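I would like the atomic coordinates for the input below:
(one chain, ligands or ions: 1)
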Amino acid sequence: MTVEGNTRRRSHRAASAGLRPLAGLALGLILGACRAPSNLDVTETPPDPRATAAALGITIDTEQMTEFRCHAMGETIMGDCSDEDLLRLTAQVLARRERASATADAANAGAESDGDAAAEVDPGAGVDLSKAPGIDPDLLAELADEGITVDLGAMADLPCHAMFDIVMGDCSEADVRQVAADLRTQRGDARSGERESEAGFVPGQGLVDPDRSARRPSEALDLQDGARIEMDARPVRWQVGDTTLSGYGYNGMIPGPLLRVQEGDRITVHFRNAIDMPTTIHWHGLRHDNADDGVPGVTQPAVMPGGEHTYTLRFPDPGVFWYHPHVREDIQQDAGLYGV
Ligand SMILES: [Cu+2]
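Have a look, this model is predicted:
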């Protein structure tokens, strides 16, 4: 097995050709939360984002979690934020506030008029709280906006899980969040993908680090029994002629590092997700523990951007096995996340 010569040239073409048709699909997953801000005009006269947020009682603490991309936790915006990010997230926090108060109003109206009136709430304004007792209405409204329903009366004797777009079973609020995140991951976000498609999709846009994002030549690793290696998925950039190509690579390599092991050996892979989408590594065809199989929502939660996961791999069978992500393969694999 080699990564030289034709294999490598072919993968250049595969990765670059594969990306073009993705323009219409994918940006939404990354910018899934980037709804048109209804309360702020960000196009005509750009307001000072920090002053705007402060005036609305929203905290900006960009000293926190600087290694993560810009995000909001509750009403605090943190991470690595451009001015544009700050405005977008301010708009998001506001929209969430509005939804929460609409939900609370609707729930109050329901309680006043009739016991089951909550079930008749206008789906645009709120959600059916009666089917998800004990779950934060704010979260329910947020999920409802994405077309995800929570119905804890259904299959209550089973562990928390999703069927189609319904979260059901025996769920804590944390479970609901996790299952919804997995659901989002699995289905991608075609709707916002369509919305954002005009902008085009560039893997890892905004995460490119000049020191780490240059594509590296693929290398082969001869691993001893018990070896532990570090692997990440990161954005990569490389040059073909006058064109800069964009993709993702395991340890910056496309294909990812060639892992050579002896039959019967066991190795550990400590994986870090440094791309802008949730991901996992699926070790295709290896017979090993289910927990190490890398299938999100089935054997593990997806590894969120900035997150990590340790895989223990066993090799009871001789052969050549490839590895690849099990989240939006149509994007991540095409962009370069695969190896042997
Ligand atoms: Cu596979």
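
quick one, helices of the stretch 151-300 of the chain?
173-187, 190-196 (DSSP state H, counting those that start in this stretch).

now the end-to-end length of stretch 313-323.
Stretch 313-323 has an end-to-end distance of 11 Å (Cα to Cα, to the nearest Å).

By mean pLDDT, show me the worst of the helices of the stretch 151-300 of the chain.
Mean pLDDT is lowest for helix 190-196 among the helices of the stretch 151-300 of the chain, at a mean of 48.

Where does the stretch 101-250 of the chain get nearest to the ion, residue-wise?
Tyr250 (14.5 Å; Cβ to the ion). Quick note: C-beta positions are derived from backbone N, CA and C, even for glycine.

most centrally placed residue in this structure?
Taking Cα atoms, centre = their mean, the centroid of the chain lies closest to Pro278, which sits 3.0 Å from it.

List the contacts of that one.
181, 185, 296, 302-305, 327 (Cβ atoms under 8 Å, 6 or more residues apart in numbering).

please redo it, this time with the cut-off set to 7 Å
Taking Cβ atoms under 7 Å, 6 or more residues apart in numbering, we find Pro278 in contact with 185, 302-305, 327.

least trustworthy position among those residues, going by pLDDT?
Thr185 (74).

Is there a neighbour count for that residue? I'd like the number.
Close neighbours of Thr185, defined as other Cβ atoms under 10 Å, add up to 22.

can you pull the contacts of it?
By Cβ under 7 Å, 6+ apart, the residues touching Thr185 are 278, 296, 302, 327.

same question, Gly252
Gly252 makes contacts with 212, 214-216, 234, 236, as judged by Cβ under 7 Å, 6+ apart.

Nearest spatial neighbour of the residue nearest to the centre of the chain, chain-adjacent residues omitted?
Among residues not flanking Pro278 along the chain, Ala302 sits closest, at 3.7 Å (Cβ to Cβ, 6 or more residues apart in numbering).

Next, count neighbours for the one you found.
26.

Go ahead and confirm it touches Arg328.
No. Here Ala302 does not reach Arg328: they are 9.9 Å apart, not a contact under Cβ atoms under 7 Å.

count of neighbours near the residue of the chain found nearest the ion?
The ion sits closest to His284 of the chain, with a gap of 3.3 Å, by Cβ to the ion. The number of residues packed near His284 is 14, by other Cβ under 10 Å.

Quick check: the gap between it and Asp225.
Distance, His284 to Asp225, by Cβ to Cβ, to the nearest Å: 21 Å.

ok, now Val320?
19 Å.

More neighbours: these two, which one.
Asp225 (11 against 8).

any idea of the pLDDT on the more buried one?
97.

so how many other residues sit close to the closest residue to it other than its chain neighbours?
Distances taken as Cβ to Cβ, 6+ apart place Asp265 nearest to Asp225, at 4.1 Å, with adjacent residues excluded. Close neighbours of Asp265, defined as other Cβ under 10 Å, add up to 15.

hey, where'd the strands end up in the chain?
59-61, 71-73, 76-78, 149-151, 161-163, 166-168, 220-222, 228-240, 243-250, 258-260, 266-273, 282-283, 308-314, 323-324 (DSSP state E).

what sits against the residue lying closest to Glu219 once chain neighbours are set aside?
Leaving aside its chain neighbours, Glu219 sits nearest to Pro257 (5.6 Å; criterion: Cβ to Cβ, 6+ apart). Contact analysis of Pro257 by Cβ under 7 Å, 6+ apart lists 218-219, 221, 250-251, 339.
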